[in-house]
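Peer 1: Sequence first, predicted coordinates after that:
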Amino acid sequence: MRAALVIARRDFSAVVLSRTFILFLLGPLLPILIGMAFGGLGDKISRTDLRPVVGLAMTPADAVRMESALKRLAERMQPEALPTFHRVPLSPAPRVQLAQADADMIVIVSGTIARPILAGKPSDVERLRGDISLIATAALAEQALHMVRVEAEPVSTSVGAQMQGRLAIGRIAQVVIFFLTILLAGMILSNLVEEKTNKIIEILAAAVPVDAIFLGKLIAMLAMSFVGICFWGSTALCVFLALRPAGAALPDPAIGWPLFLMLAVIYFAMAYTLLGSLFLGIGAQAATVREVQTLNMPVTMGQMLIFFFATYAVDKMGSPPEIAAAIMPFSSPFSMIARAAQDGALWPHLLAIVWQTLWVGLIIRIGVILFRRHVLKSGGRWWKQLFRGATG
C-alpha cells in the first residue's frame, strides 16, 4: 500500500498540476452550454416560426372574441400547440385574398364565430379544423356558458407521486454515474500506454510490485476524478439554484439525501474502479494508442449494454432482472444506486460494496498476471499466481 500511494501521488500530481487539466475541467461544460443554447433556439423556433399563422377575416367584435379565446386556451395548453392569428380585412373572396396575402398565412377564417369558414389547401384545412373549432367553441362559451368552479383540496404528498419522484431520482443517478465513469475511465488507458512507450513502466516494475503500480494508478485517477466531479458538481448546483422555479422542491430518496449522496459517491468509485481496473488490464496488453482505441470500443459498448440492462431493471424492484443486475459486478453500482432511491434498507448496500470490492481486486490481479506474462515475460502458471501475493 505504501508503494501504491507513492505511485498514486506521483500520477495525481502529474495530471492535476498540469495546464491541460484546466482544459479537461472546462471541456465537458462546453457541450452543455452549446446544447442549452441550441435547446433555447429550438424552443424559440417551435414556439414562433413553426406555429401556423391563420388569417382572421371577421368583424372586429368576432375577431376580439376569437383572440381572447385563443389567449385563454394558450394559458392552459402549450402555446406551440395552437395557431397564431393575423387580422386581415373582410373580403367576399377569401381564396383570392389568401393567394395575394403578403403575410405567411396558410389559411383564412371568415364567417362568424357560430359558423366559421376555413379557406386553404385541403391538407392545411384538415390540420387546423379541430383547432379553429376549439377556439370558436371557447369564444362562444365566454358568453353562452359558465365555467365550472373546481374546488382544490391540497395534500402534502401522495404515494404515487413519491414513487415516481424516487424512480426519477434513481434513473438520473444512474445516468450521471455512467457518463462520469465513461468520461473519466478512458484516461487510464492512455496514461499506461504512454509509460509503456517511454519504458517507464519497466523501471517502476523493477522498484515496486506490479500490483502496487496498478493500484496506485487506479487511486490517482479516482482522486483526479473526484476533483473534476467537485468542480462540475459545484457548477451544476449553482446553475440549479439560479434557474430553479420558486417553490420547487426535489423528492426525498427512500434513505434520505445524506446517505443517498454518500452512496452515490461510493458507487461511482466502485463503478470507476471496476471499469478502470479492466481498462488497466487492457492497456497493459496494448503497445500503441491505436491498439488501445481498438480494444477500448468493445469494452465501452459492452458497458453500455450492461448500463441499459440496469436501467431496464430499475423499476422492477425485487424481480429477477433487478436482482441479476445487482449481482453482476459491472451493473451492480448502477442497480444499487437506483435501489437506494426506492428502498430504505441499508444491508443490501453493505453486501454490494463488499462484493464489488472483491471483483475490483480480482480484476486487478488478473491484469497484473497478464501484464507479467505478456509484457514483462515473467511469471509461472496463471492459476498459481492468481491468489499468490505480489512479489514485484
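Peer 2: Structure's in. What do you need? Because the structure is predicted, anything quoted here is derived from the model rather than measured.
Peer 1: From now on I want contacts and neighbour counts done on CA atoms only, so please keep to that.
Peer 2: Fine.
Peer 1: for the stretch 151-300 of the chain, what spans make up the helices?
Peer 2: Here the stretch 151-300 of the chain has its helices, by DSSP state H, counting those that start in this stretch, at 159-197, 200-207, 210-243, 257-285, 289-312.
Peer 1: Could you give the separation of the shortest one from the chain centroid?
Peer 2: What separates the centre of helix 200-207 from the centre of its chain is 40 Å, taken as Cα atoms, centre = their mean, to the nearest Å.
Peer 1: other SSEs contacting it?
Peer 2: Using 3 or more Cα pairs under 8 Å, 6 or more residues apart in numbering; DSSP states H and E as the contact criterion, the elements in contact with helix 200-207 are helix 159-197, helix 210-243.
Peer 1: and that helix, which residues are buried?
Peer 2: Going by neighbour count (16 or more other Cα atoms under 10 Å), the buried part of helix 200-207 is 201, 204, 205.
Peer 1: In a markdown table: the helices of the stretch 151-300 of the chain, plus mean pLDDT and distance to residue 23.
Peer 2: Compiled in a markdown table, these are given as follows (pLDDT from 0 to 100; distance: least, Cα to Cα, whole Å):
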| stretch | mean pLDDT | distance to residue 23 |
| --- | --- | --- |
| helix 159-197 | 79 | 14 |
| helix 200-207 | 76 | 26 |
| helix 210-243 | 84 | 11 |
| helix 257-285 | 85 | 21 |
| helix 289-312 | 80 | 21 |
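Peer 1: Out of these, which is the most enclosed?
Peer 2: helix 257-285 (a mean of 22; mean count of other Cα atoms under 10 Å).
Peer 1: Make CSV from the helices of the stretch 151-300 of the chain and add distance to residue 81 to it.
Peer 2: Converted to CSV, the helices of the stretch 151-300 of the chain look like this (distance: least, Cα to Cα, whole Å):
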stretch, distance to residue 81
helix 159-197, 27
helix 200-207, 62
helix 210-243, 25
helix 257-285, 38
helix 289-312, 32
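Peer 1: strand partners of the longest strand along the chain, parallel vs antiparallel please.
Peer 2: Looking only at the chain and at elements set by DSSP state E, the strand with the highest residue count is strand 105-111. When pairing is defined by DSSP bridges, strand 105-111 lines up against strand 53-56 (parallel), strand 116-120 (antiparallel).
Peer 1: which secondary structure element contains the residue of the chain most remote from its centre?
Peer 2: Among residues of the chain, the one most distant from the C-alpha centroid is residue 92; the distance is 55.9 Å, by Cα atoms, centre = their mean. Here residue 92 sits in a region with no helix or strand, counting by DSSP states H and E.
Peer 1: how close does it sit to residue 58?
Peer 2: 11 Å (Cα to Cα, to the nearest Å).
Peer 1: Please apply the same query to residue 106.
Peer 2: With distances defined as Cα to Cα, the gap from residue 106 to residue 58 amounts to 16 Å.
Peer 1: Would you format the helices and strands packed on helix 200-207 as TSV with distance to residue 88 included?
Peer 2: Formatted as TSV, the entries for the helices and strands packed on helix 200-207 read as follows, by distance: least, Cα to Cα, whole Å:
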stretch	distance to residue 88
helix 159-197	48
helix 210-243	40
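Peer 1: what's the closest of those helices to residue 250?
Peer 2: helix 159-197 (8.0 Å; Cα to Cα).
Peer 1: by contact count, what packs against the closest one?
Peer 2: In this structure, helix 159-197 makes packing contacts with helix 200-207, helix 210-243, helix 257-285, helix 289-312, helix 332-342, judged by 3+ Cα pairs under 8 Å, 6+ apart.
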